[in-house]
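Novice: I need the structure of the sequence given here:
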Amino acid sequence: MSVTIYHNPACATSRNTLALIRATGTEPDVIHYLETPPARDALVSLIQRLGIGARDLLRQKGTPYADLGLDDESLGEEQIVDAMMAHPILINRPIVAGPNGVKLCRPSETVLSVLDRPLRSDFVKEDGEVVAANG
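Specialist: Residues are numbered from 1 along each chain as shown. I've put the predicted structure just below:
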């Protein structure tokens, strides 16, 4: 099965996740979701496969979250998804779909649980933290 990452190259966690995937010898399909957002049905499917509600996938920091009033708990799933479709920056990242499921990979090493290949060697994240190959 292929691996797909919904990636934002401006995000260190997303960059680390992509590099971790590649460190297993896997070349993923990279979707720059800010440039090419998922279709609504694909986004809804990702949320369902993640096993979370749409609100749980909302990114607040550096987004129009507050300006759009998305902290209003009365907003339903459809309204949250509508906001994500209108403003893809609201979709938290990185999301990775792999042979072992779909995960929001925060922290980046979470990605290893959806891959079918282990790290080939220890991996050093951008901040210097080491992810052990046998870990």
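Novice: for residue 7, give me phi and psi.
Specialist: phi -120, psi 140 (degrees, to the nearest 10).
Novice: tell me the spacing between it and residue 96.
Specialist: Per CB to CB, to the nearest Å, residue 7 is found 9 Å from residue 96. Glycine gets a C-beta too; all of them are placed from N, C-alpha and C.
Novice: so between these two, which is more surrounded?
Specialist: residue 96 (28 against 23; other CB atoms under 10 Å).
Novice: surely the more buried one forms part of a strand?
Specialist: Yes - with DSSP: H, G, I helix; E, B strand; the rest coil as the criterion, residue 96 is located in a strand.
Novice: on that earlier part again, shared neighbours of residue 7 and residue 96, which are they?
Specialist: residue 17 (CB atoms under 8 Å, 6 or more residues apart in numbering).
Novice: separation between residue 107 and residue 27?
Specialist: From residue 107 across to residue 27, the span is 22 Å (CB to CB).
Novice: before we move on, what about residue 36?
Specialist: Using CB to CB, we find residue 36 at a distance of 18 Å from residue 27.
Novice: what do you get for residue 64?
Specialist: From residue 64 to residue 27 the distance is 34 Å (CB to CB).
Novice: quick check, pLDDT for residue 1.
Specialist: Looking at residue 1, its pLDDT is 66.
Novice: residue 6 in helix, strand or coil?
Specialist: Secondary structure for residue 6, judged by three-state DSSP, is strand.
Novice: could you give the bridge partners of it?
Specialist: Counting by DSSP bridges, residue 6 is bridged to residue 31, residue 95.
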